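S.K.: What would the 3D arrangement of this be:
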Amino acid sequence: MRIALLIVFGAVGTLARYGLQGLVQHRTNSDFPSGTLVVNLAGCFLLGGIAQYGLTHLSIPPEWRIGMTVGFFGAFTTFSTFSWEAVHLLEDGEWARALTYVLTSVIGGLLAVVLGMRIAERI
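M.R.: The predicted structure follows:
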């Protein structure tokens, strides 16, 4: 059951990332990696909330928690794409944009997880 849930949630997470990342990138019409940034920050926020909720409410079975957290968010968020895009900004001499991207991603991601956790604790 756990493997099946990982497969299903992983496929859904991949498609959700592809859709949201493309939509945001298209809407911003920029060479700045806005799509990846939005996906990763949203993923951090939702993972923090869902993981915290799942830990404090035994109503979510462990297999489903793993499917959602590892499967969906493992496929939805993307550290490798973030890293690749940051390196390309640096290679293009876009130091300020690269620094903005890295700091916003890392600090924003940490804050998003904490915010998601705090909201989940209040539910």
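S.K.: so where's this protein uncertain?
M.R.: Residues of the chain that meet the criterion pLDDT under 70 lie in 58.
S.K.: ranges for the helices of it?
M.R.: 2-28, 34-56, 62-66, 74-76, 79-91, 95-122 (DSSP state H).
S.K.: Using CSV, write out every CA atom in the fifth one.
M.R.: Same thing as helix 79-91. Output in CSV follows, covering the C-alpha atoms of helix 79-91 (Å, rounded to 0.1, in the frame of the first residue of the first chain):
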residue,chain,number,x,y,z
PHE,A,79,16.1,21.4,-5.0
SER,A,80,18.0,20.3,-8.1
THR,A,81,16.2,22.7,-10.4
PHE,A,82,16.7,25.5,-7.8
SER,A,83,20.4,24.8,-7.7
TRP,A,84,20.8,24.6,-11.5
GLU,A,85,18.9,27.9,-12.0
ALA,A,86,21.0,29.6,-9.3
VAL,A,87,24.3,28.4,-11.0
HIS,A,88,23.1,29.6,-14.4
LEU,A,89,22.3,33.1,-12.9
LEU,A,90,25.8,33.2,-11.5
GLU,A,91,27.3,32.0,-14.8
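S.K.: list the helices and strands that helix packs on?
M.R.: helix 34-56, helix 95-122 (3 or more Cβ pairs under 8 Å, 6 or more residues apart in numbering; DSSP states H and E). Backbone N, C-alpha and C define where each C-beta goes, glycine included.
S.K.: Would you mind putting the helices of the chain into TSV with mean neighbour count alongside?
M.R.: As requested, the helices of the chain are arranged in TSV below (neighbours: other Cβ atoms under 10 Å):
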stretch	mean neighbour count
helix 2-28	16
helix 34-56	20
helix 62-66	15
helix 74-76	21
helix 79-91	14
helix 95-122	15
